[in-house]
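Novice: any chance you could fold what I've pasted below:
(one chain, ligands or ions: 2)
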Amino acid sequence: MAGVSPELRAWILATAGAGHDATQLLRLMQEAGYTLPQSRAALAEVLPAAMAAASSDGARPQHPHPPLADAGDRRVRIAASVEAPPLRLIQDLLDADECAALIAQARPRLARVRTVAEDGRQQIDARRTSAGMFFALGETPLVARIEQRIAALTGLPTTHGEGLQVLHYQPGQQYEPHYDWFDPAQPGFAAVSARGGQRVATVVIYLNTPEEGGGTAFPGLGLTFTALAGSAVYFAYAAGDALSLHAGLPVLRGEKWIATKWLRERPFG
Ligand SMILES: O=C(O)CCC(=O)C(=O)O
Ligand SMILES: [Fe+2]
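Specialist: Ligands and ions are numbered 1, 2, ... in the order given. Below is the predicted model of the structure:
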């Protein structure tokens, strides 16, 4: 299609804004007389993230089910849920000894964390001031055990996970509001999604309880999770999901340790 007309562009944006997803938009456009290829091209031009999410054929996680969810070697309490985006507060995913042991394994390897730049390269990022490190998949028996629990909870095999990342925040450090999904409209998308495809869910595990601050906020939901040692926040998303915006709030007193597992739609390893 040689450019989307202003009228069609306005209609796509208004209809998507009213809550219709890409599949519904494609159906409505075809009912209005556009062919499927025309509809796809128009949608990809106006809403590339929505189109990429709709065309993905990768695996999707199952969302942990309250009140008790199967985490393999234990059952965990699902203390709160949000429907959109699918989000769960998980209690006691790790016990106190496991939290301490994971911190001890990560501490000697901490370095200033990098994020993925728009061109797909790793960069030092002023928005993300914590120190961090990645474990390889199954690198230690404890890491493997945590990965098994997350696989049991989400139904996605451990191979769909990126290596477990441990982050350490000092007072004043934070992770500014961001999305964990990769934006298909960015030039680096092909590079970051080459292994494993798109991210589909995140599990953030709190390894300690900061004295003050350091919660995880979802500004679009008006919701903040307190960082409490051993508990975790699970959330799932598709590319373009604006409500999955989240932030690691500044630590005000004490320190904050988390372990993050990002899950892909296809095997990552
Ligand atoms: O530090 C937090 O609470 C959030 C971390 C986070 O968003 C991430 O690791 O992707
Ligand atoms: Fe995040």
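Novice: ramachandran angles for Thr202?
Specialist: phi -130, psi 140 (degrees, to the nearest 10).
Novice: ok, it - contacts?
Specialist: Shown in contact with Thr202 (Cβ atoms under 8 Å, 6 or more residues apart in numbering): Asp180, Val233, Tyr234, Phe235, Tyr237, Thr260, Lys261, Trp262, Leu263. Backbone N, C-alpha and C define where each C-beta goes, glycine included.
Novice: kindly report the same for Leu153.
Specialist: Contact analysis of Leu153 by Cβ under 8 Å, 6+ apart lists Pro64, Ala69, Asp70, Ala71, Gly72, Val76, Ile90, Val203, Tyr234.
Novice: so how many other residues sit close to the closest residue to the fifth one other than its chain neighbours?
Specialist: By that I understand Gly72. Excluding the flanking residues, the one nearest Gly72 by Cβ to Cβ, 6 or more residues apart in numbering is Ala152, at 3.6 Å. The local packing of Ala152 (other Cβ atoms under 10 Å) involves 19 other residues.
Novice: my understanding was that Ala152 contacts Arg75; is that so?
Specialist: No - using Cβ atoms under 8 Å, Ala152 is not in contact with Arg75, being 9.8 Å away.
Novice: just the pLDDT for the residue of the chain most remote from its centre.
Specialist: For the chain, the largest distance from the centre (Cα atoms, centre = their mean) belongs to Gly33, which lies 36.9 Å off. For Gly33, the pLDDT comes out at 91.
Novice: next, give phi and psi for the residue nearest to Gly72.
Specialist: Dihedral angles (degrees, to the nearest 10) for Ala152: phi -60, psi -40.
Novice: could you do Val204 as well?
Specialist: Dihedral pair for Val204: phi -110, psi 120, per degrees, to the nearest 10.
Novice: could you look up the SS state of Thr209?
Specialist: Assigned with DSSP: H, G, I helix; E, B strand; the rest coil, Thr209 falls in the coil class.
Novice: element containing Ile103?
Specialist: helix 96-106 (DSSP states H and E).
Novice: for that helix, buried residues please.
Specialist: Glu98, Cys99, Ala101, Leu102, Ile103, Gln105, Ala106 (16 or more other Cβ atoms under 10 Å).
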